[in-house]
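S.K.: After the sequence you'll find the predicted model.
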Amino acid sequence: MTAIEVRGLRKAYKGHEVVRGIDLDVARGEVFALLGPNGAGKTTTTEILEGHRRRDSGEVRVLGEDPGTAGPEWRARIGIVLQDTDDAADLTVHEMIKHVSGFYPGPRPVAEVIGLVGLEEKKKSRIRTLSGGQRRRLDVALGIVGRPELLFLDEPTTGFDPEARRRFWDLVRALAAEGTTILLTTHYLEEAEALADRLAVLASGQIVAEGTPAELGGRASAAARVTWHENGVRHSEEVADPAPLLRKLLAADTDLSTLTVTRPTLEDVYLSLIGANR
Ligand SMILES: Nc1ncnc2c1ncn2[C@@H]1O[C@H](COP(=O)(O)OP(=O)(O)OP(=O)(O)O)[C@@H](O)[C@H]1O
């Protein structure tokens, strides 16, 4: 079943079109990442799907309803982690999560949510005293307290330290394992690679590539670069299939202690896609 279905989505601000005919399908239970440079239209698209922004044209279905007209029951089935929120700073972490949990019919227990995002030590702290990364974790807590069927994560790990980011990835995987559909926007390609079942690259308001992280932009079939050293001299060859070259090197008893075989990283593919669409 489809969680998100978008056909021909368009949106302009003051006559300048920033979303220019997007088609998108996200299946239930899928983790889908939207990538793209600053200003590509990711947040605008996401906000339209969340029902927070009006579209100019196109068909949009989210959990079977049009977000432009869907009511509070639909809203209770989705969770949203916005790029930056700054409200109710005088409440404590626990009070804020408790307050928001009251909006949902079957919320997670507050203590469970605090544990999931790793804010146990800060549960009695006032929100205004949190660090940037802790504040983001609270945002994530508020996004998941209602047990959403579909979770929107807009750059969720900006400001996280590396350990918090890994912990957040585990949380996303656990939510996905429970069947939560997740739409994620991120500038961290390793994050998209670690989490997403599929991803789409948005450039100037259009989807320029879509696929699994392994296949995006022909990555799986791209040439491999083999490098090694022979008598102190570095050799480097680009080959479609590295096996014959490796056999030849082995047969010749070449020193392979510095051997590397690499294919384009997701970042390489992403940068060339963005570069080609400037
Ligand atoms: N309320 C608004 N009024 C006018 N222009 C806007 C508005 N919101 C966004 N824009 C413009 O629309 C374009 C797309 O913005 P959007 O925030 O969707 O991009 P993004 O891909 O999410 O970028 P980022 O990676 O920086 O978050 C940008 O050029 C932005 O300046």
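M.R.: Nice, thanks for sending it over.
S.K.: Next, the residues that contact the longest helix anywhere in the chain from outside, please.
M.R.: The longest helix of the chain (DSSP state H) is helix 162-177. The contact list for helix 162-177 (C-beta atoms under 8 Å, 6 or more residues apart in numbering) reads 29, 31, 116-118, 133, 137, 140, 144, 151, 153, 156-157, 160, 182, 184, 188, 191, 194-195. Heads up, the C-betas are built off the backbone N, CA and C, glycines and all.
S.K.: let's see 7 Å
M.R.: 31, 116-118, 133, 137, 140, 144, 151, 156-157, 160, 182, 194-195 (C-beta atoms under 7 Å, 6 or more residues apart in numbering).
S.K.: Doesn't His235 lie inside a strand?
M.R.: Yes: applying DSSP: H, G, I helix; E, B strand; the rest coil, one finds His235 inside a strand.
S.K.: and it, what pLDDT?
M.R.: pLDDT for His235: 94.
S.K.: what's the neighbour count on it?
M.R.: 13 (other C-beta atoms under 10 Å).
S.K.: cool, and Ile144?
M.R.: With other C-beta under 10 Å as criterion, Ile144 counts 23.
S.K.: In contact with it: list those residues for me.
M.R.: 79, 108, 113, 116, 151, 175.
S.K.: Give the bridge partners for Val19, please.
M.R.: Under DSSP bridges, the beta-bridge partners of Val19 are Lys11.
S.K.: Please pull out the lowest mean pLDDT helix or strand from the chain.
M.R.: Least confident helix or strand, the chain: helix 266-276 with a mean of 86, by mean pLDDT, DSSP states H and E.
S.K.: Pull out the buried residues from it.
M.R.: 266, 269-270, 273-274 (16 or more other C-beta atoms under 10 Å).
S.K.: same question, stretch 91-104
M.R.: Quick answer for stretch 91-104 (16+ other C-beta under 10 Å): 92-98, 100-101, 104.
S.K.: Could you do stretch 66-85 as well?
M.R.: For stretch 66-85, by 16+ other C-beta under 10 Å, it's 67, 70, 74-83.
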